[in-house]
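Trainee: build the 3D model from these lines:
(2 chains)
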2 protein chains.
Amino acid sequence: MSLSEFAVIKKYFHRQYDNDIVRLGVGDDCALVRVPQVRDSGQCQALSMDTLVAGVHFPLDTNPTHIAYKSLAVNLSDLAAMGARPTWFSLALTMPDADDEWLAQFSSGLFELADEYALPLIGGDITRGPLSITIQIAGEVGEHLALRRDGAKEGDSIFVSGTLGDAAAGLSLLVNKMPQQSEYTEYLVSRLNRPTPRVALGLSLLPFATSCIDLSDGLLADLSHLCDRSQLGATIFFDQIPVSEKLKSFFSSSQLNELSKARLVAGSGDDYELCFTVPERHTEAVRLVSEKAGVRVTLIGSMKRDGLVECINADGQVLDMQEMGFKHFYNL
Amino acid sequence: MSLSEFAVIKKYFHRQYDNDIVRLGVGDDCALVRVPQVRDSGQCQALSMDTLVAGVHFPLDTNPTHIAYKSLAVNLSDLAAMGARPTWFSLALTMPDADDEWLAQFSSGLFELADEYALPLIGGDITRGPLSITIQIAGEVGEHLALRRDGAKEGDSIFVSGTLGDAAAGLSLLVNKMPQQSEYTEYLVSRLNRPTPRVALGLSLLPFATSCIDLSDGLLADLSHLCDRSQLGATIFFDQIPVSEKLKSFFSSSQLNELSKARLVAGSGDDYELCFTVPERHTEAVRLVSEKAGVRVTLIGSMKRDGLVECINADGQVLDMQEMGFKHFYNL
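Mentor: Residues are numbered from 1 along each chain as shown, chains lettered A, B, ... in the order given. The predicted structure is shown next:
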């Protein structure tokens, strides 16, 4: 079937926003969004843009609800990693044809997450072509409070939120077309398809964290970016990396060797948890705010002077990073 | 060849902006852009996002310099149509591989136009996949001054900037693989590949124009959008539509019949000129500001109560819009 661009927008993406921010939404040459009242001259707009391409960032047969949810979630995660409060987003949707059922599912996944944050869709573009989704997201944060990657200090404690490796395990279950197994399959696949952006946690860390990054490429790669930008190294203790009960169930029923398990936990991406650094004296404060935000955080190591990420096992041995799937720069 | 995403960004897209607007550019989870000092509470951010897909919006063998130039130009054109002053843009570039020569050309076309407007590239995403370019652009405009589509009044004069039909003629020359002919080929193809966003004109129209749209889909289709939004109709005089000398040369050396010529001028897209309405009493003021902006503007008709766009020829006859290539809603 074929719907015109206008009909598609009207039916699936047009919402009337009754608020002070969006002054003119979808349907003109530009959207008009009110510039927020500046509380202080250091107030900044935080901006991030991420593209998800079919067959590259998600399997071709992924449910459109999940595609939309994840497209917005990964952008919200970038705001979370900056400690920014979300304000609006725009959507560029390129698709081979305008299929009614596909669009209904896509739209429902998109607005499910957008509504959770009362986040207005202010505009975008719908074009014909191979399936891909680009979202521009905007938030607000004070310039000097923002959780940048370059602020970590020697001796700072390193924390991660949630549990790591679930999304990568979910992907391996999908790719290897494993049968619908026991309790963990659904959970692990859902962590791949519906990552949880840690927006509330990011906001609550503003007074304490010296740096922050979200884990899209895997703990080792992303922590390494943070180290690069902060011109420091890091020591992490592999056994302290938080792993979910479901992932443990998967591990115990799988044939994976220890190295493969370590790769899933520390060398694989798509978790969209936050990795952040905090001066040691604020460790207790971080536990309190994480409880308030309802998000588990775990101390996994500390920043050191030497410019490398070092991963240590329970026996005190340094693990081989490359064997763990670490690539400093991933190829396009 | 293969370059890492970071290497690509660093080599081709990373610029240090020494200004008060961009506080943190490419390389973190978000860019930080200072919220402008609000001059009055009606100050708005104008936002537009356009995608160009290879093989859909430009021929596959288009020079990457032109692809980049046009990608930014069509977004600037949306700001122009709103009367907004450009402030920043972000880029989502999806491409099959990271080819050095291709990227060098793309980057040069992009910054050629960005530099003309001192427009900072604040961030974006580079991904692997079928070639497509999405740009988010932001500008500034007063909420009550902005040139919306819905402000035209009955009796307003209708103007267009520049000349129409050049880009469509350029495309027909490319598609029909016509030999490199005489003086006009290069000009017409350049109007397709390198449209001129009418930013200065849009800004200078703020005090006079009641509505404005940029011509991406063709005069008849875009004026019809403007009429829809303003709940009015329009009468335009076909012979008053401005046509370039080069297009006239092309017409006289071509086998095109009158209807095909009319389709190129009024029913085809990609001109990115402005079509705007002005109360009759301001007609002379518009001529003065257009001279100052260095852009030709031409009076082509007026707004009427009846909700249709009517096109009249030199003999006073109403032309058949559908024959002229008019489609109210274009299909995806």
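Trainee: with adjacent residues omitted, what lies nearest to the residue nearest the centre of chain A?
Mentor: Geometric centre of chain A, nearest residue: A:Tyr272, 3.1 Å, by Cα atoms, centre = their mean. Excluding its sequence neighbours, the residue lying closest to A:Tyr272 (Cβ to Cβ, 6 or more residues apart in numbering or on different chains) is A:Pro195, at 3.8 Å. To be clear about C-beta, it is placed using only N, CA and C from the backbone, and glycine gets the same treatment.
Trainee: the one you found contacts A:Leu164, doesn't it?
Mentor: No: applying Cβ atoms under 8 Å as the test, A:Pro195 and A:Leu164 come out as separate, 11.8 Å apart.
Trainee: now for those two: what residues contact both?
Mentor: Listed contacts common to A:Pro195 and A:Leu164 are A:Asp271; contacts here mean Cβ atoms under 8 Å, 6 or more residues apart in numbering or on different chains.
Trainee: quick one on the thing from earlier: hang on, the residue nearest to the centre of chain A in a strand?
Mentor: No: under the criterion used here (DSSP: H, G, I helix; E, B strand; the rest coil), A:Tyr272 is coil, not part of a strand.
Trainee: wait, doesn't it sit right on A:Ile213?
Mentor: No: the criterion here is Cβ under 8 Å, and A:Tyr272 misses it with A:Ile213 at 10.9 Å.
Trainee: spit out the contact partners of the residue nearest to A:Tyr272.
Mentor: Applying Cβ under 8 Å, 6+ apart, the residues near A:Pro195 are A:Lys70, A:Ala73, A:Val74, A:Ser77, A:Ala167, A:Asp270, A:Asp271, A:Tyr272.
Trainee: and it, how close does it get to A:His225?
Mentor: Per Cβ to Cβ, to the nearest Å, A:Pro195 is found 18 Å from A:His225.
Trainee: can you check A:Pro197 too?
Mentor: 19 Å.
Trainee: just the terminal-to-terminal distance for stretch A:157-167.
Mentor: Distance across stretch A:157-167, first residue to last, is 25 Å (Cα to Cα, to the nearest Å).
Trainee: that stretch - what's its average pLDDT?
Mentor: Across stretch A:157-167, the average pLDDT comes to 97.
Trainee: which of the residues in it are buried?
Mentor: By neighbour count with 16 or more other Cβ atoms under 10 Å in any protein chain shown, stretch A:157-167 contains the buried residues A:Ser157, A:Ile158, A:Phe159, A:Val160, A:Ser161, A:Gly162, A:Thr163, A:Leu164, A:Gly165, A:Asp166, A:Ala167.
Trainee: so, low pLDDT: which residues of chain A?
Mentor: A:1-4, A:18-19, A:36-41, A:178-182, A:325-332 (pLDDT under 70).
Trainee: how does it divide into domains?
Mentor: Following automatic domain parsing, one finds the domains of chain A at A:5-142, A:157-312.
Trainee: if we can go back for a sec, from the contacts of A:Pro195, pick the one nearest A:Ser230.
Mentor: Nearest to A:Ser230 among the contacts of A:Pro195: A:Ser77, at 20.0 Å, using Cβ to Cβ.
Trainee: and the strand or helix carrying that closest one, how far out from the chain middle?
Mentor: For A:Ser77, the host element (DSSP states H and E) is helix A:64-82. Helix A:64-82 has its average C-alpha position 6 Å from the chain's average C-alpha position, going by Cα atoms, centre = their mean, to the nearest Å.
Trainee: state the distance from A:Glu258 to chain B.
Mentor: A:Glu258 sits at a distance of 29 Å from chain B (criterion: Cβ to the nearest Cβ, to the nearest Å).
Trainee: tell me what the helix holding A:Ser77 is packed against?
Mentor: Helices and strands touching helix A:64-82, by 3 or more Cβ pairs under 8 Å, 6 or more residues apart in numbering or on different chains; DSSP states H and E, are strand A:43-53, strand A:85-95, helix A:100-116, strand A:132-142, helix A:184-193, helix A:199-204, strand A:211-214.
Trainee: could you give the angle of that helix to helix A:100-116?
Mentor: Helix A:64-82 and helix A:100-116 are oriented at 30 degrees to each other (axes from the mean of the first three to the mean of the last three Cα atoms, to 10 degrees).
Trainee: which parts of stretch A:133-144 are buried?
Mentor: A:Ile133, A:Thr134, A:Ile135, A:Gln136, A:Ile137, A:Ala138, A:Gly139, A:Glu140, A:Val141, A:Gly142, A:Glu143.
Trainee: who's the first one bridged to?
Mentor: This points to A:Ile133. Beta bridges link A:Ile133 to A:Leu52, A:Leu93, judged by DSSP bridges.
Trainee: hmm, A:Leu93 and it touching each other?
Mentor: Yes: assessed by Cβ under 8 Å, A:Ile133 is found in contact with A:Leu93 at 5.8 Å.
Trainee: wait, which of the buried residues of stretch A:157-167 is closest to chain B?
Mentor: Taking Cβ to the nearest Cβ as the measure, chain B lies nearest A:Ser161 of those, at 14.2 Å.
Trainee: before we move on, what SS does A:Leu206 have?
Mentor: When classified by three-state DSSP, A:Leu206 comes out as coil.
Trainee: three-state assignment of A:Asp315?
Mentor: At A:Asp315, secondary structure determined by three-state DSSP is coil.
Trainee: what's the burial count for it?
Mentor: Using other Cβ atoms under 10 Å in any protein chain shown, A:Asp315 has 6 neighbouring residues.
Trainee: quick check: phi and psi on the residue of the stretch 101-250 of chain A found nearest chain B?
Mentor: Nearest to chain B in the stretch 101-250 of chain A, going by Cβ to the nearest Cβ, is A:Gly129, at a distance of 3.6 Å. Main-chain torsions, A:Gly129, degrees, to the nearest 10: phi 160, psi -180.
Trainee: try A:Arg128
Mentor: The phi and psi values for A:Arg128, taken as degrees, to the nearest 10, are phi -90, psi 140.
Trainee: quickly list what it is bridged to.
Mentor: Applying DSSP bridges to A:Arg128 gives these bridge partners: A:Met95.
Trainee: count of residues packed around it?
Mentor: Around A:Arg128 there are 18 residues (other Cβ under 10 Å).
Trainee: who's in contact with it?
Mentor: When contacts are counted by Cβ under 8 Å, 6+ apart, A:Arg128 is found next to A:Thr94, A:Met95, A:Pro96, A:Asp97, B:Val53, B:Val56, B:Leu332.
Trainee: counting neighbours, which of these comes out on top?
Mentor: Using other Cβ under 10 Å as the neighbour criterion, A:Thr94 leads the contacts of A:Arg128 with 27 neighbours.
Trainee: find the nearest non-adjacent residue to it, please.
Mentor: Closest residue to A:Thr94 apart from its sequence neighbours, by Cβ to Cβ, 6+ apart: A:Gly129 at 4.4 Å.
Trainee: isn't that neighbour up against A:Ala92?
Mentor: No: contact criterion Cβ under 8 Å: A:Gly129 and A:Ala92 do not qualify, at 10.6 Å.
Trainee: okay, and the common contacts of these two?
Mentor: Both A:Gly129 and A:Ala92 are contacted by B:Thr51, under the criterion Cβ under 8 Å, 6+ apart.
Trainee: which parts of the stretch 151-300 of chain A sit against chain B?
Mentor: Contact residues (Cβ under 8 Å from any Cβ of the partner chain) of the stretch 151-300 of chain A with chain B: A:Cys212, A:Ile213, A:Asp214, A:Arg229.
Trainee: alright, I will stop here.
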